[in-house]
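Enquirer: Here's my sequence, what's the structure:
(2 chains)
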Amino acid sequence: GESVGLHLPTLSVQEGDNSIINCAYSNSASDYFIWYKQESGKGPQFIIDIRSNMDKRQGQRVTVLLNKTVKHLSLQIAATQPGDSAVYFCAETLWQKVTFGTGTKLQVIP
Amino acid sequence: DAGVIQSPRHEVTEMGQEVTLRCKPISGHNSLFWYRQTMMRGLELLIYFNNNVPIDDSGMPEDRFSAKMPNASFSTLKIQPSEPRDSAVYFCASGSRDQQPQHFGDGTRLSIL
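Expert: Next up, the predicted model:
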């Protein structure tokens, strides 16, 4: 069996504060990026996406920033709520082939 | 609309047995993806189809794994013979076109004893 697993970084945030989750991607040719949220026992759920010709995109309470120079993505969640507790994955895409990051666990402290 | 539907949700079987995982993509989506998630390796793409045709199977771990998509509304991932190291959560996802997000099912948790 597996004795060593991936170390998931954990971000603990007080309820109501803003959260920032960071991600480094690997392929400079990737042209589409997605943030997914995964709750226990469920599949990844789409949150927000951004194309490589943009550097910022905003949704409801969420913002994604893309820095292609350093191959970095971030997800900002405003006014974090207990329901935001989950594992968050960034994903980079080229020609529909998606490569996922290792994920960050977000813990919201009530 | 129904999302991606996977069955079974849980499967426990003994090593050496054949395992078949099933997926119904979202109606109208023309791409289908199979992923495996483990603590050791995270979320890995195994294979994907466009218009029922396999495009990239480079992530399929070995010949024991095979995937088919006989029509636009159904796909299977088969493991024969199964081994304990195949234990993982297997996800199916579907998408409509390039630069659009994939939509995931809730996965099949597979345990090989």
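
Enquirer: quick one: strands adjacent to the lowest-mean-pLDDT helix or strand in chain A?
Expert: Lowest by mean pLDDT, DSSP states H and E among the helices and strands of chain A is strand A:97-100, with a mean of 89. Applying DSSP bridges, strand A:97-100 is found paired with strand A:86-94 (antiparallel).

Enquirer: Centre of the chain to the strand it pairs with, how far?
Expert: Distance of strand A:86-94 from the chain centroid (C-alpha atoms, centre = their mean, to the nearest Å) equals 5 Å.

Enquirer: what comes up buried for it?
Expert: Under the neighbour-count criterion of 16 or more other C-beta atoms under 10 Å in any protein chain shown, strand A:86-94 has A:86, A:87, A:88, A:89, A:90, A:91, A:92, A:93 buried. Bear in mind the C-beta positions are built from the backbone N, C-alpha and C, glycine included.

Enquirer: do stretch B:61-80 as well
Expert: The neighbour-count check on stretch B:61-80 (16+ other C-beta under 10 Å) flags B:65, B:67, B:69, B:72, B:75, B:77, B:79 as buried.

Enquirer: Might one say that the last one is in contact with residue B:63?
Expert: No: taking C-beta atoms under 8 Å as the definition, residue B:79 is not a contact partner of residue B:63, at 10.6 Å.

Enquirer: Output the buried residues of strand A:86-94 as JSON lines; include the columns distance to residue B:88.
Expert: Putting the buried residues of strand A:86-94 into JSON lines (distance: C-beta to C-beta, whole Å) gives the following:
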{"residue": "A:86", "distance to residue B:88": "20"}
{"residue": "A:87", "distance to residue B:88": "16"}
{"residue": "A:88", "distance to residue B:88": "20"}
{"residue": "A:89", "distance to residue B:88": "16"}
{"residue": "A:90", "distance to residue B:88": "21"}
{"residue": "A:91", "distance to residue B:88": "18"}
{"residue": "A:92", "distance to residue B:88": "22"}
{"residue": "A:93", "distance to residue B:88": "22"}
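
Enquirer: quick one: which of those is nearest residue A:107?
Expert: residue A:86 (9.5 Å; C-beta to C-beta).

Enquirer: strands paired with the strand or helix carrying residue B:22, and their directions?
Expert: For residue B:22, the enclosing helix or strand under DSSP states H and E is strand B:19-24. Sheet pairing of strand B:19-24 (DSSP bridges) gives strand B:5-7 (antiparallel), strand B:74-79 (antiparallel).
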